[in-house]
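Undergrad: Quick one: sequence plus predicted model below, questions after.
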Amino acid sequence: MSVHIEAKPGEIADKILLPGDPLRAKYIAETFLEDPVCYNQVRGMLGYTGIYKGERVSVQGTGMGMPSATIYAQELIESYGVKRLIRVGTCGALSEEVHVRDLILAQGAVTSSAMVQKNFQKFYYSPIADFHLLKTAYEVANKQGFTTHVGNILSEDSFYKEDMTETFQLAELGIKGVEMEAAALYYLGAKFNVQAVAICTVSDHMITGEETTSLERQTTFDEMIKVGLETALN
Ligand SMILES: O=P(O)(O)O[C@H]1O[C@H](CO)[C@@H](O)[C@H]1O
Ligand SMILES: O=c1cc[nH]c(=O)[nH]1
């Protein structure tokens, strides 16, 4: 048991999918895992363990933003021995080459967030994905024929932005999408020497204004979830 997770020792697998939305965690567990057992309901931040292709896999909602996500990630690592953390989240597209429903595998995650920068006086840390997980996710997505982009993303503290000038400046440097957790997850992966990767589905487009319908989101989430689960095992 940790501060925010009520699971008993051994109830959480060492490989875990991390959606921001706890109801996405429920959907993943009930749709893709055999014999799913809910191990956490504290604060409604649902967590489940089940079987995928014969192996134990867990899925845990993390909430929105880095302060929330890092609470769950750190407790999973320190109190439950989780070694492989795979974020399965939504993002907004920042590149015209990227379209809604595409997948973005976050090779790196730029951030201005204090959740990373507060740890350094002089340096600007570059949060990056675990290479093995990134490579596996890319291979799985390609094999499945899912439209997939690999590159840098932006992890922001604010969903609603007062000024998009610097966001679009970053887009000119090849930043593909924006979400709110990957950078801090990558920082924690490095800090605790565990594997982390973020697999994102583009849910909306910051340049074209294109959006997905709820049905389209459901289908596309399935692509991201399949890539996440296969990456967890391989
Ligand atoms: O779909 P999830 O995983 O929650 O991720 C994205 O959606 C939320 C904002 O709507 C933020 O958490 C952002 O990172
Ligand atoms: O953080 C997020 C997630 C989805 N779409 C956005 O525009 N931002």
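TA: All right, it came through fine. Ligands and ions are numbered 1, 2, ... in the order given.
Undergrad: quick one: what helix or strand has the spatially most central residue of the chain in it?
TA: The residue lying closest to the centre of the chain (CA atoms, centre = their mean) is Arg87, at 2.1 Å. If you go by DSSP states H and E, Arg87 is part of strand 84-93.
Undergrad: that older thread, and the residue nearest to the centre of the chain, how close does it get to Ser79?
TA: According to CB to CB, to the nearest Å, Arg87 and Ser79 sit 19 Å apart. Where you see a C-beta, it was placed from the backbone N, CA and C, and this is true even at glycine.
Undergrad: could you pull out the helices for this structure?
TA: 22-32, 66-80, 114-117, 131-144, 165-172, 182-192, 214-233 (DSSP state H).
Undergrad: In this structure, what residue lies closest to ligand 1?
TA: Gly20 (2.1 Å; CB to the nearest ligand atom).
Undergrad: List the contacts of that residue.
TA: 61-64, 69, 89-90, 180-181 (CB atoms under 8 Å, 6 or more residues apart in numbering).
Undergrad: Equivalent analysis for Leu133, please.
TA: Taking CB under 8 Å, 6+ apart as the test, what Leu133 contacts is 84, 86, 195-197, 231.
Undergrad: Quick check: pLDDT value at it.
TA: On the pLDDT scale, Leu133 is placed at 98.
Undergrad: Measure how buried the residue in the chain that ligand 2 sits nearest to is and give me the count.
TA: Of all residues in the chain, Gly92 sits closest to ligand 2, at 2.5 Å by CB to the nearest ligand atom. When neighbours are defined as other CB atoms under 10 Å, Gly92 has 22 of them.
Undergrad: Identify the residues contacting it.
TA: So Gly92 contacts 177-179, 202-206 (CB under 8 Å, 6+ apart).
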